[in-house]
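S.K.: let me see the structure of the following:
(one chain, ligands or ions: 1)
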Amino acid sequence: MDVLKELARVLEERKSQDPQKSYVASLYAKGLDAILKKIGEEATETVMAAKDGNSDKIVYEVADLWFHSLVLLAHQGLSPDQVLAELQRRFGLSGLEEKAGRSERSG
Ligand SMILES: N=c1c2ncn([C@@H]3O[C@H](COP(=O)(O)OP(=O)(O)OP(=O)(O)O)[C@@H](O)[C@H]3O)c2ncn1[C@@H]1O[C@H](COP(=O)(O)O)[C@@H](O)[C@H]1O
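M.R.: Presented below is the predicted three-dimensional model:
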């Protein structure tokens, strides 16, 4: 998806930015533990939003969670394309299983 690619490009650029001027650069400067702490917080906030049944808040918190996960990927030298490829691979596999199930049932 284009927004993931664009965001990944910006996150890469922020590696050479002043931490005083960029939230992402400030997270990189604080290091891995700070990024992981944000992911933990956003995951907890997502759970709370879902338990409250608040749809708008769920979307908002999942966006925060995805965003901080993208920061983690960039920090680790990984790209969202690699995650999308993994999901695609699983989708392909489950597609094959579904097809196999269908042909067994019809055969
Ligand atoms: N998508 C986001 C984005 N989503 C969430 N956030 C920040 O993530 C933080 C979320 O943390 P919390 O909800 O805990 O809020 P908080 O209490 O203010 O955060 P803390 O002070 O506790 O860290 C907030 O500071 C938000 O501003 C984001 N910051 C940046 N982006 C994107 O990243 C790009 C680069 O950002 P900069 O590095 O700031 O230029 C931007 O152009 C945006 O597209």
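
S.K.: point me to the helix or strand that includes the residue nearest in space to the middle of the chain.
M.R.: Centroid check for the chain by C-alpha atoms, centre = their mean gives residue 66 as the closest residue, at 3.6 Å. Assessed by DSSP states H and E, residue 66 sits inside helix 55-75.

S.K.: show residues contacting that helix.
M.R.: 4, 7-8, 11-12, 14-15, 24, 27-28, 32, 35-36, 38-39, 42-43, 45-46, 48-50, 79-80, 82-83 (C-beta atoms under 8 Å, 6 or more residues apart in numbering). C-beta coordinates here come from the backbone N, C-alpha and C atoms, glycine included.

S.K.: list the buried residues for that helix?
M.R.: Buried positions in helix 55-75, judged by neighbour count with 16 or more other C-beta atoms under 10 Å: 58, 61-62, 64-65, 67-75.

S.K.: and for stretch 19-34?
M.R.: So stretch 19-34, judged by 16+ other C-beta under 10 Å, has buried residues 22, 24-25, 27-28.
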